[in-house]
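Asks: Only the shape, not the letters, is given here:
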């Protein structure tokens, strides 16, 4: 990035074609144990197969790790490993490659707690993903080179490309090709997206899009709060080396009519990336219209455009006509080789798991192909010590909600499977048997929930995944000797076997 005071220096470059404002990343928000452990039957799996993630290293990419100074107490409370942990087998500290310079909610520490709950003997590493999408993409490689066997992240940048694989998506695919799987939070945007083919309205407003039936404005009923909308169109991305960049310039506005526009973004996108952003604050409930304009001088012909609502006020509602009902899994979460994780609240698992309504829907077309995402679902709403959510179950501990919580649960189950492969002599590389991989075990044993573009293969179960490669060892949980004698009076305790 370039400090604001140095922006004029960029004017001297003959190679620079576009400067973007620094987009903030969005997270997908021991003595304390996540309820997600039992929801996935990970506790049963640890007993039955004796696997705890031993010998496996997991790296986490999120906002921050210890900017709020909670790691010390997490060690003392056995909620994370480190030198202050009373357990002599849990004294290896979390290896922090790079933390956020300041701020952050320490959501990364919460994710690491969830992993530690599921796979307590896995080694843990962390790197911030909040220094821009290019830095976040580089953290994938940094964690892999630092020895991670599994990487999991929960960061979303609103300027990640929708229609092509951006730098972060490419980094994910490269990591998987190198043998290190990546698990990513699907996002918490539900179906708050719409995609249409640009259709010119009737003159004199023929530079504006017709939403249907001659209507040039999409009606929005908005509650108070802050909103973020990312608009992109299917054109060349200069940042990805595609041609000379965008040949179409679309602009998005809010207003009363095409000739009375109150607010908007009219950045000139010719020869740049095909994306536009709306940031706005609503003070009182209001009704407005969203207009999409194709600038004069743009290339003509059919053009798909799509917008995703990444923040939708204080109530998270977004009432629109035409209604939003599109895919919101975009960017690196939509990378083909990524393992993208949606969310099920931990107390809505039995008998049939029910997805969180906010869990992002899949089906985004990227690189010309419809991506079948998410891949599977994990539990959300479990306890951590990090105050990033309400104490909704009243047990005195904050609950961690969203797909940001689901992804680390599933990544930790993958660590258990990796250890089991080593322990039981099962080749999980896919070399001998292409179907026998960690990814396939998770997918093929997941509890089916229907609607694959909402739920993927279904809810991940640690016991079912491990049971597909090895038989569990029975554990004697308890023996009620007195009740047994009462039910069998003919037996007399002694030394004679029977």
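Replies: Happy to help now that I have it. These figures come from a predicted structure and were not determined experimentally. Residues are numbered from 1 along each chain as shown.
Asks: Quick check: chain neighbours aside, which residue is closest to residue 458?
Replies: residue 446 (3.7 Å; CB to CB, 6 or more residues apart in numbering). The C-beta positions use only the backbone N, C-alpha and C, and glycine is treated the same way.
Asks: separation between the one you found and residue 311?
Replies: Residue 446 is 30 Å from residue 311, where distance means CB to CB, to the nearest Å.
Asks: and the two? which has more neighbours close in?
Replies: Neighbour totals were compared for residue 446 and residue 311, and residue 446 leads with 23 against 17 (other CB atoms under 10 Å).
Asks: quick one: contacts for residue 256?
Replies: Residue 256 makes contact with 262, 288-289, according to CB atoms under 8 Å, 6 or more residues apart in numbering.
Asks: That one: which element?
Replies: Element membership of residue 256 [criterion: DSSP states H and E] is strand 250-257.
Asks: before we move on, what about residue 109?
Replies: Counting by DSSP H and E, residue 109 is part of helix 107-118.
Asks: Are there helices or strands packed against that helix, and which ones?
Replies: In terms of contacts (3 or more CB pairs under 8 Å, 6 or more residues apart in numbering; DSSP states H and E), helix 107-118 is packed against helix 36-39, strand 57-62, helix 71-76, strand 123-128, helix 403-423.
Asks: Pull up the pairing partners for the helix or strand just after the third one, direction included.
Replies: So that's helix 71-76. Counting by DSSP H and E, the element after helix 71-76 in chain order, helix or strand, is strand 95-98. If you go by DSSP bridges, strand 95-98 pairs up with strand 123-128 (parallel).
Asks: now the angle between helix 107-118 and the strand it pairs with, please.
Replies: Angle, strand 123-128 to helix 107-118, by axes from the mean of the first three to the mean of the last three CA atoms, to 10 degrees: 160 degrees.
Asks: What residues are bridge-paired with the most centrally placed residue in the chain?
Replies: The residue lying closest to the centre of the chain (CA atoms, centre = their mean) is residue 185, at 1.4 Å. Taking DSSP bridges as the rule, residue 185 bridges to residue 341.
Asks: OK, contacts around it?
Replies: 28, 153-154, 156, 333, 340-341, 402-404, 406-407.
Asks: any weak-confidence spans in the stretch 151-300 of the chain?
Replies: Within the stretch 151-300 of the chain, no stretch has pLDDT under 70.
Asks: Do a quick rundown of the helices in it.
Replies: Using DSSP state H, counting those that start in this stretch, the helices of the stretch 151-300 of the chain run over 167-177.
Asks: thinking again about what came up before, any idea how far the residue nearest to the centre of the chain lies from residue 375?
Replies: 12 Å.
Asks: shared neighbours of the two, which are they?
Replies: Taking CB under 8 Å, 6+ apart as the contact criterion, the common neighbours of residue 185 and residue 375 are 340-341.
Asks: How are the strands of the stretch 351-498 of the chain distributed by residue range?
Replies: Assigned by DSSP state E, counting those that start in this stretch, the stretch 351-498 of the chain shows strands spanning 365-366, 369-370, 376-380, 382-383, 399-400.
Asks: Show me what the first one pairs with in its sheet, parallel or antiparallel.
Replies: Put plainly, it is strand 365-366. By DSSP bridges, strand 365-366 pairs with strand 369-370 (antiparallel).
Asks: And stretch 58-73, end to end?
Replies: 21 Å (CA to CA, to the nearest Å).
Asks: Show me what counts as buried in that stretch.
Replies: By 16 or more other CB atoms under 10 Å, the buried positions in stretch 58-73 come out as 58-67, 70-71.
Asks: Mind picking the two most distant members of those residues?
Replies: 58 and 67 (20.8 Å; CB to CB).
Asks: Residue 413 versus residue 379, what's the distance?
Replies: 10 Å.
Asks: tell me, what's touching these two both at once?
Replies: Shared contacts of residue 379 and residue 413, counting by CB under 8 Å, 6+ apart, come down to residue 40.
Asks: hang on, the earlier thing: just curious, which of the contacts of residue 256 is nearest to residue 96?
Replies: residue 288 (44.4 Å).
Asks: show me what contacts the closest one?
Replies: 219-220, 222, 254-256, 262.
Asks: For it, name its beta-bridge partners.
Replies: residue 220.
Asks: now do the one 5 residues further on
Replies: Taking DSSP bridges as the rule, residue 293 bridges to residue 208, residue 251.
Asks: so how many other residues sit close to it?
Replies: Residue 293: 22 neighbours (other CB under 10 Å).
Asks: quick one: it and residue 207 touch, right?
Replies: Yes: using CB atoms under 8 Å, residue 293 is in contact with residue 207, at 5.3 Å.
Asks: Next, the contact list for residue 332, please.
Replies: With CB under 8 Å, 6+ apart, residue 332 has these contacts: 137, 160, 166, 168-169, 171-172, 184, 338.
Asks: Please identify, among those, the one with the most neighbours.
Replies: residue 184 (33 neighbours).
Asks: need the contact list for that one.
Replies: Neighbouring residues of residue 184 by CB under 8 Å, 6+ apart: 152-154, 172, 332-333, 335, 338-341, 407.
Asks: before we move on, back to that, isn't the residue nearest to residue 458 up against residue 462?
Replies: No: using CB under 8 Å, residue 446 is not in contact with residue 462, being 10.9 Å away.
Asks: measure residue 187 to residue 260 for me?
Replies: Distance of residue 187 to residue 260, given as CB to CB: 34 Å.
Asks: which of the two has more neighbours?
Replies: Shown here are residue 187 and residue 260; by other CB under 10 Å, residue 187 has more neighbours (32 against 9).
Asks: Nearest residue to that one in space, please, no chain neighbours.
Replies: Closest residue to residue 187 apart from its sequence neighbours, by CB to CB, 6+ apart: residue 360 at 3.6 Å.
Asks: pLDDT score for the one you found?
Replies: We have a pLDDT of 98 for residue 360.
Asks: State the distance from it to residue 416.
Replies: Counting by CB to CB, the gap from residue 360 to residue 416 is 26 Å.
Asks: what about these two, which has more around it?
Replies: Each of residue 360 and residue 416 has its neighbours counted (other CB under 10 Å); residue 360 has more, 31 against 27.
Asks: Since that was my last question, I'll sign off now.
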